[in-house]
Structure formats: C-alpha cells, structure tokens
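**Q** model this:
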Amino acid sequence: MTTQRRSILKRIIGSVAGIAGVGLTAKASVKEVSPEKEVNNVTMYDDVPLFSGSTKFGNLVFIAGKGAHFEGDIKAHTDHVLKELEAELKKAGSSMEKVLKVSVFLHDLNDYKAMNEVFKGRFGNKPPVRTTVAVYGGVPGDSLVEMDCIAYI
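**A** Prediction:
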C-alpha cells in the first residue's frame, strides 16, 4: 500500500515537473519583437527632417497638427481640419472612430461654440477624449484652428 502511494506520488510529481519544463521551454523559444517606429509625410527644414505628418508605433498612430490655411470662418476651418485628420488616419490604416485623443488649438476662445458645432458627431458614437485650448499668439499659418490626434489601427 505504501509502495503504491509512493509510486503514484512519483508519477504526479514527474508529470508536474514535465509540464513546467515544457512551459519554460516554450517561453524561452518565443522571441519578442519590438515594433518599429514608422513615419509618413516628413517635412524637411534646410534638408533636415523636421517632423512627420503621422507616426505609427505598434497599433498606435499619431497624427501631426492639421490647420486650415485659407480665408474662411471657424466652421470652414474646423471642417477642413477634420477632413484632413480623417484622410491622414485612413492613409495610416485607421479611422475617425478609432481616435482615442484629440487636441484642439483655437486662435480665439470665442470660436469654441462654433468649432463644437462642426466637431460634434465626427468621431462616431464613442468620441475621443479632448483637450481644447486657445493659444497665445495664434495658430501657425493663420489657421483659426489646429488639431492633432492619437488613434489605434
């Protein structure tokens, strides 16, 4: 009876050790590959890369600030900027519905309400988090609004 128990215990211990050994071997053979940074639409300054229109890392995409550089009001500028964001997201394999974070930079905080009228509903039923600020000195290039965003693919 005692010999039988020892034999059963030895088998159980042997099985557990075997399973643990297979697990360790499996872990050791899996190589983790780090994602590489990908850039698109690089803007050059004096023949030196200045910034990218978008950057991908893993399943995340970061879209650079988009502005509207034409005559128009805040609604026209906001619509243009949102369309540019959408086009850049599609190029990167994402969409407006996959945006996680938007930063909005207004030339004038008095345009907040009119900007929101165009902004609402553009990111689907689950809108991203958003930060909105009015920037001292204005948005570069005479745009009334500039936006950037972070999305997933």
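**Q** got the contact list for stretch 32-41?
**A** 52-58, 88, 91-92 (Cβ atoms under 8 Å, 6 or more residues apart in numbering). Using the backbone N, CA and C atoms, a C-beta is placed for each residue, glycine as well.
**Q** go again using 6 Å as the cut-off
**A** The set of residues external to stretch 32-41 that reach it, using Cβ atoms under 6 Å, 6 or more residues apart in numbering, is 52-58.
**Q** Derive a ChimeraX selection command for the buried subset of the residues you listed.
**A** Selection of buried members from these for ChimeraX, criterion 16 or more other Cβ atoms under 10 Å:
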select :52,53,54,55,56
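**Q** Need the contacts of stretch 32-41 in TSV (columns: distance to Asn125, secondary structure and pLDDT).
**A** Converted to TSV, these look like this (distance: Cβ to Cβ, whole Å; DSSP: H, G, I helix; E, B strand; the rest coil; pLDDT from 0 to 100):
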residue	distance to Asn125	secondary structure	pLDDT
Ser52	30	strand	92
Gly53	28	strand	91
Ser54	24	strand	94
Thr55	27	strand	95
Lys56	25	strand	96
Phe57	27	strand	96
Gly58	25	coil	94
